[in-house]
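Colleague: need a 3D model of the following:
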Amino acid sequence: MAVLEIKGVRIGEGRTKTIVSLMDADREGLLATAKRAVAAGADCLEWRADFFGSLDSEVAVIATSRELMSALPDTPLIFTLRSKDQGGHIELAPERAMLLTCAVITARGADLVDVEIGLGDRLVGALAKLAHDNGVRTIVSHHDFAAMPSVDWMSAQLVHMAGLGADIPKLAAMSKSNQETHDLMRATSQAREQLDVPLLTMAMGASGTNSRLSGEVFGSALTFCALGRASAPGQVELSQALPVLEAIHRNLTAPDEPVATHDAAEEAPRPAEPTTPEAPKEISGHTHMICLLGNPTGHSLSPAMHNHSFARLGIDTRYLCFDVASDEQLPSVLGAMRAMEGWDGANVTMPFKQAVIPLLDEMDVAAELIGAVNVISKRDGRLCGHNTDGAGFMRNLRAHGVASEGARMVLLGCGGAGSAVLVQAALDGAERIDVFCRPGRSSWQNVERLQARLAERCSCQVNCRDLGDPAQLKACIDQATVLVNSTSVGMGEQSTDTLVDPALLHEGLAVADVIYLPRITQLLRDAVGAGCKIVGGLGMILEQAAESETIWYGVEMDTRSVEQEVLSAQ
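Modeller: Numbers count the residues shown, from 1 in each chain. I've put the predicted structure just below:
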């Protein structure tokens, strides 16, 4: 059996690892139960989100999953949204369950997600692929509360789950006799001989108790235990199960192998977490400044993101927001930036992205082509304008394994974000970009303007096409490797709007959206169902911020830390 290591917990090696389910309805209860479970010795925790009281809010689910992840640095967390017929707490539409699971995956709000085999092979495989693309492991599960299936069927089902991409195939069935429990053990043992992944199996009910405790003998690497409250019939209290699991492990271990007790920790001590260098906590006479220029700026997430990053990188800089009253004040503001030592640069937001251009000494290629600046750097008193929106988007694509070189892109819309994507994709080596807009609108004019400018800079073929022509949209998507929505269609947590008929999506197509709320738009939801790789919009925000720090200081932001420790709190 292969060993699956998550957060230092080696599943499939040593004694059977324990899982405790968290079934509280609110975040406070979940965090409290998680703390108790870890203190009691649980190896892994499962968040049974079907008990959560705020399932109607994707934002609440993501925020809670991230808070749990932050509270569990050494304990693997499983996200489970159990359907009613598989033993879940509430009836939830499959589409809603899939949406929330996708959102948690792309937010990296769990170490593992449970995916029910009843969704069908195509969706299970697509969700497993999405999880793996985002560094999340999958448990593919089946529960039978009515009867114990045949040995051959159970063994074949476990093998089939692994074939769909399960990192841990899971099978639970109700047992009414010792013989039925023995059947489940035989099926697990047979599957273990054919597979190279850890298994999770159990016979539910009182007759199946021994299957929950002796997994190390027949091949189940994990077992669910109760912490005052069971999530399924037959679970043993954690405090009672641990000594038995330890005893079984001691008896199975060769005499010359050292065996530690549970209290002494079974495995070698984990190395201490690396310390993160921090900038001085107090502002001093040497502290530098980066600022955001715009109006209004008070709502911006940039100070929280950059100040967190600067602290982690040990950079003695603070990021501040300044509201500039009007265009007329910009010359004096930028003049002060030139003159002041320690003012190292700025971000620029609405309504000044174009107004600052005449006041700069130079611009990079992307900013010049787009005609908008969102980053200012300073070198020897000279101010240079940059546009990192497109670079951030392309960095996010590459982080998800989507190549830009030779890409054939379909781009929906060409406003501010779309223009940035169009320019950077062309500069990064895209072969062809078909931009779909409404004739006569400003976005159509943007494409026509950029077509001429890009033709002088690169060999990318840029085509302006009518968004109202479904036949043309289908023809272009059929040939595309990447589909990007840069419009606002689909924005809003409850929105089900999309510009693309799901029937047009195909395997091999990467589908990206610049929208970050909701994390999984209707377009991305449809793309998962079609087996496409998906790329959400939050990564674009993170990556353009990372690109800004590279421009200012030549450093690389830890975007995952910013996402988990800063954005999850917003």
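Colleague: which segments of this protein make up each domain?
Modeller: Per automatic domain parsing, the structural domains of the chain span 4-252, 289-387+554-569, 391-536.
Colleague: nearest to L542, out of those domains?
Modeller: domain 289-387+554-569 (4.3 Å; CB to CB). (Glycine included, C-beta is placed from N, CA and C.)
Colleague: run the chain-centre distance for that closest one.
Modeller: Taking CA atoms, centre = their mean, to the nearest Å, the mean C-alpha location of domain 289-387+554-569 is offset from the chain mean by 27 Å.
Colleague: avg pLDDT for that domain?
Modeller: Across domain 289-387+554-569, pLDDT averages out at 93.
Colleague: quick one: the helices in the stretch 401-550 of the chain?
Modeller: 416-427, 442-455, 470-479, 522-529, 538-553 (DSSP state H, counting those that start in this stretch).
Colleague: need the winner for burial among the ones you listed.
Modeller: Greatest average neighbour count among those goes to helix 416-427 (a mean of 26), per mean count of other CB atoms under 10 Å.
Colleague: can you name every helix or strand that that one contacts?
Modeller: Counting contacts by 3 or more CB pairs under 8 Å, 6 or more residues apart in numbering; DSSP states H and E, helix 416-427 packs against helix 365-370, helix 389-399, strand 408-412, strand 432-437, helix 442-455.
Colleague: next, format these as a markdown table and append distance to D24.
Modeller: A markdown table is the format used below for the helices and strands packed on helix 416-427 (distance: least, CB to CB, whole Å):
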| stretch | distance to D24 |
| --- | --- |
| helix 365-370 | 48 |
| helix 389-399 | 34 |
| strand 408-412 | 41 |
| strand 432-437 | 46 |
| helix 442-455 | 47 |
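Colleague: which of the ones you listed sits closest to L4?
Modeller: helix 389-399 (23.6 Å).
Colleague: who are the packing partners of that closest one?
Modeller: Packed next to helix 389-399, using 3+ CB pairs under 8 Å, 6+ apart, are helix 365-370, helix 416-427, strand 510-513, helix 538-553.
Colleague: now render these as CSV, adding distance to G335.
Modeller: Formatted as CSV, those follow (distance: least, CB to CB, whole Å):
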stretch, distance to G335
helix 365-370, 20
helix 416-427, 27
strand 510-513, 40
helix 538-553, 19
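Colleague: T64 is nearest to which of those?
Modeller: Closest approach to T64 among those (CB to CB): helix 538-553, 16.7 Å.
Colleague: that closest one to helix 416-427, inter-axis angle?
Modeller: Helix 538-553 and helix 416-427 are oriented at 70 degrees to each other (axes from the mean of the first three to the mean of the last three CA atoms, to 10 degrees).
Colleague: give the next helix or strand downstream of helix 538-553.
Modeller: Reading on from helix 538-553 to the C-terminus, the next helix or strand found by DSSP states H and E is helix 559-565.
Colleague: what residues does that following helix touch?
Modeller: 66, 69-70, 107-108, 305, 308-309, 312, 538-539, 542-543, 545-546 (CB atoms under 8 Å, 6 or more residues apart in numbering).
Colleague: what's the spacing between the residue nearest the centre of the chain and A527?
Modeller: Central residue of the chain (CA atoms, centre = their mean): T106, 2.4 Å from the mean position. Taking CB to CB, to the nearest Å as the measure, T106 falls 12 Å from A527.
Colleague: please apply the same query to L499.
Modeller: Counting by CB to CB, the gap from L499 to A527 is 13 Å.
Colleague: excluding chain neighbours, what is closest to the residue nearest to the centre of the chain?
Modeller: Using CB to CB, 6 or more residues apart in numbering and skipping residues adjacent in sequence, the residue nearest T106 is G536, 5.0 Å away.
Colleague: what is the burial count for that neighbour?
Modeller: Each residue near G536 was counted by other CB atoms under 10 Å, and the total is 25.
Colleague: how near is it to L222?
Modeller: Taking CB to CB, one finds G536 at 30 Å from L222.
Colleague: what's the answer for D327, then?
Modeller: Distance from D327 to L222, by CB to CB: 62 Å.
Colleague: likewise for R398?
Modeller: From R398 to L222 the distance is 35 Å (CB to CB).
Colleague: could you tell me whether A34 really is in a helix?
Modeller: Yes - assessed by DSSP: H, G, I helix; E, B strand; the rest coil, A34 belongs to a helix.
Colleague: re earlier: hang on, the residue nearest to the centre of the chain packs against V528?
Modeller: No - under the criterion of CB atoms under 8 Å, T106 is not in contact with V528, lying 10.0 Å apart.
Colleague: need the overlap of contacts for those two.
Modeller: Joint contacts of T106 and V528 (CB under 8 Å, 6+ apart) are 130, 520, 534.
Colleague: doesn't L164 make contact with K129?
Modeller: No - in this structure, K129 is not within contact of L164 by CB under 8 Å, at 9.6 Å.
Colleague: pick out whichever of D327 and L222 has more residues nearby.
Modeller: L222 (26 against 13).
Colleague: over to the more buried one: give its phi and psi.
Modeller: When read as degrees, to the nearest 10, the backbone of L222 gives phi -140, psi 160.
Colleague: and if you look at A480?
Modeller: According to degrees, to the nearest 10, A480 has phi -80, psi 150.
Colleague: OK, contacts around it?
Modeller: A480 makes contact with 408-410, 434, 509, according to CB under 8 Å, 6+ apart.
Colleague: model confidence for it, exactly?
Modeller: Looking at A480, its pLDDT stands at 97.
Colleague: with C532 instead?
Modeller: For C532, the predicted pLDDT is 89.
Colleague: what's the spacing between it and V435?
Modeller: Distance from C532 to V435, by CB to CB: 20 Å.
Colleague: those two - which one has more neighbours?
Modeller: Ranked by neighbour count (other CB under 10 Å), C532 and V435 place V435 first, with 29 against 23.
Colleague: ok, that one touching V421?
Modeller: No - contact between V435 and V421 fails when scored by CB under 8 Å: they sit 9.5 Å apart.
Colleague: mutual contacts of these two, please.
Modeller: In contact with both V435 and V421: L411, using CB under 8 Å, 6+ apart.
Colleague: of the contacts of A480, closest to G208?
Modeller: Using CB to CB, the contacts of A480 come closest to G208 at L509, 44.6 Å.
Colleague: which stretches in the stretch 201-350 of the chain count as helices?
Modeller: 209-213, 215-218, 238-252, 302-313, 330-339.
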